[in-house]
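Participant: could you look at this predicted model? Sequence included:
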Amino acid sequence: MTTAPTALDARAARSDADDVLAPLAERFLMPDGVVYLDGNSLGPLPAAVPPALADVVTRQWGTDLIHSWNANGWWDAPLRVGDTIGRLIGAAPGQTVAGDSTSVQMFTALGAAVAQSPGRPLLVTDPGHFPTDRYLAEAVARRQGLEVRYVPPARLEAFLAEEGEAVAAVSCSPVDFRTGELHDMAVITEAAHRAGALAVWDLCHAAGAMPLHLDALQVDFAVGCGYKFLNGGPGAPAYLYVARRHHASLETPLTGWNGHADPFGMGPRYTPAPGVARARIGTPPILSLLALEAALTVFDGVDLAEVRAKSLSLTDFFLHCTTELLAPLCLEAVTPADPARRAGHVALRHPHAHGLARALAERGVIVDMRPPDLLRFGVNALYTTHRQLLTAVQRLRDIVRDAAYDPTPPAPGPVT
């Protein structure tokens, strides 16, 4: 153990020296002296966003006023930004639309998916799915007279083989938001299709962190947020992917005027726009949508295969550091060691996770926790270094070893 810190320092230095993505960190505005490992919850500020927003506010809104809907492309922004995101998720143009929140987009996706499968009484989702996905599955099921069946991803293939004829849609995420475990999108999507069901994916913890191949996998619907690995800012608009083969029959549960074939015709009845444009609902949130568009430029010229390779190097190194430095300290890694089953964050279990997260923040390491006992350490290959991860583990070791934390700290506010 006495030589471990030196060996870890050397490995971190070698890995960072060989990092071809290291220059991309300059595309972000990060506070000095902070190790930021919470980008899986809120991405940091891209350097391109402040000047873009200044232009939107002062020139486009301030000077061009309402003419900006045409002159500055505001009206087309949901489809334009959607196509930009589409390039990150393996979607050809014309299948992705940006705008509205993740919850609204998930409600749209689930409602549209079950509408494509009449006569099938089950909507299947993961019992460990992010809460909004589960809540919305229940809401859609109530409205459609369906039953929600909770099936863990590991059991989905067998379940669909046995009861798949009754399933309208399967809703999953490729990443467990708590543990960072990675599920096989290809296997689950194919199993759903063999049963005649549609596959609906939540990409919030995957898009921007790894290559995705929605078209190639024949995914039916997908939803994701703009504020995690896409770095679009707090509350950034979400996006909805609808495979082109479903466009002609797409029925959305929220038929807002922006999704009308002739929105400014102000007609008495709803006529859906062609293609994925019919999934537009209300007036797009232009300030946040154009902030997201600027944020997405951090991916210009970036190979997502290299992002994934570095992400795995980072999480592998982090797990190695925890083995070397935290083994005697009652911190258990719950993220799979197998790289094929590991996404972009690592979770450690400790009964005082909340207190440890607060103590780390006081020492310049920002992470988060999920109840009841998980500390989450998010890496982003665009700006995270191996040295930063070693620093985080060393500070965590010192905090736990010295009991330098409050086991039950007062809540700083409603957000953990």
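Facilitator: Everything's here; your move.

Participant: show me where pLDDT drops low in the chain?
Facilitator: For the chain, residues meeting the criterion pLDDT under 70 lie at 1-5.

Participant: show residues contacting stretch 327-346.
Facilitator: 40, 174-176, 179-182, 205-206, 209-210, 229, 311-312, 315-316, 318-319, 322-323, 347-351, 374-380, 396-397, 400-401 (C-beta atoms under 8 Å, 6 or more residues apart in numbering). (Glycine included, C-beta is placed from N, CA and C.)

Participant: from those, which land in helices?
Facilitator: 311-312, 315-316, 318-319, 322-323, 396-397, 400-401 (DSSP state H).

Participant: filter those down to the buried ones, ChimeraX style.
Facilitator: Remark: buried members of the ones in helices among the contacts of stretch 327-346, expressed as a ChimeraX selection using 16 or more other C-beta atoms under 10 Å:
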select :311,312,315,316,318,319,322,396,397,400
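
Participant: quick check, nearest of the ones in helices among the contacts of stretch 327-346 to residue 409?
Facilitator: residue 400 (14.8 Å; C-beta to C-beta).

Participant: okay, the closest one and residue 390: tell me how far apart.
Facilitator: Note on residue 400: its distance to residue 390, by C-beta to C-beta, to the nearest Å, is 16 Å.

Participant: swap in residue 333?
Facilitator: From residue 333 to residue 390 the distance is 16 Å (C-beta to C-beta).

Participant: those two: which has the busier surroundings?
Facilitator: Legend: neighbour count by other C-beta atoms under 10 Å for residue 333 and residue 390, higher for residue 390 (23 against 17).

Participant: hmm, residue 320 and the more buried one touching each other?
Facilitator: No: taking contacts as C-beta atoms under 8 Å, residue 390 lies outside contact range of residue 320: 9.7 Å.

Participant: common neighbours of the two, please.
Facilitator: Common neighbours of residue 390 and residue 320 (C-beta under 8 Å, 6+ apart) are residue 8.

Participant: can you confirm residue 407 is in a strand?
Facilitator: No: applying DSSP: H, G, I helix; E, B strand; the rest coil, one finds residue 407 to be coil, outside a strand.

Participant: any idea how far residue 398 is from it?
Facilitator: Using C-beta to C-beta, we find residue 407 at a distance of 16 Å from residue 398.

Participant: please say which of the two ends up with more neighbours.
Facilitator: Using other C-beta under 10 Å as the criterion, residue 407 and residue 398 rank with residue 398 on top: 13 against 10.

Participant: is it true that that one touches residue 391?
Facilitator: No: Residue 398 is beyond contact range of residue 391, at 10.8 Å (criterion: C-beta under 8 Å).

Participant: does residue 80 really touch residue 72, like I thought?
Facilitator: No: here residue 80 does not reach residue 72: they are 11.4 Å apart, not a contact under C-beta under 8 Å.

Participant: in stretch 6-18, what counts as buried?
Facilitator: 8, 12, 15.

Participant: coming back round to it: and the ones in helices among the contacts of stretch 327-346, which is closest to residue 34?
Facilitator: residue 396 (15.4 Å).

Participant: next, count neighbours for the nearest residue to the closest one once chain neighbours are set aside.
Facilitator: Closest residue in space to residue 396, ignoring its immediate chain neighbours: residue 360 at 6.3 Å, by C-beta to C-beta, 6 or more residues apart in numbering. Around residue 360 there are 23 other residues, counting by other C-beta under 10 Å.

Participant: now residue 360, what's its secondary structure?
Facilitator: Following three-state DSSP, the label given to residue 360 is helix.

Participant: that one and residue 34: what is the separation?
Facilitator: With C-beta to C-beta as the criterion, residue 360 and residue 34 are 11 Å apart.

Participant: spit out the residues that contact these two alike.
Facilitator: residue 366.

Participant: grab the nearest non-local neighbour of residue 157.
Facilitator: Residue 157 sits nearest to residue 191 (C-beta to C-beta, 6+ apart), 4.6 Å away.

Participant: repeat that for residue 344.
Facilitator: That would be residue 209: by C-beta to C-beta, 6+ apart, it lies 3.9 Å from residue 344.

Participant: next up, the contacts around that neighbour.
Facilitator: Residue 209 makes contact with 40, 229, 307-308, 311, 343-344, 380-381 under the criterion C-beta under 8 Å, 6+ apart.

Participant: closest one to residue 289 out of the residues you listed, please.
Facilitator: Distances from residue 289 to the contacts of residue 209, taken by C-beta to C-beta, are shortest for residue 229, at 17.6 Å.

Participant: wait, that closest one sits on residue 203?
Facilitator: No: using C-beta under 8 Å as the test, residue 229 is too far from residue 203 to be in contact (9.5 Å).

Participant: report the distance from stretch 359-367 to the chain centre.
Facilitator: 23 Å (C-alpha atoms, centre = their mean, to the nearest Å).

Participant: and it, which residues are buried?
Facilitator: Those would be 359-360, 365-367, for stretch 359-367 by 16+ other C-beta under 10 Å.

Participant: cool, and stretch 153-169?
Facilitator: For stretch 153-169, the neighbour count (16+ other C-beta under 10 Å) marks 153, 156-157, 159-160, 164, 166-169 as buried.
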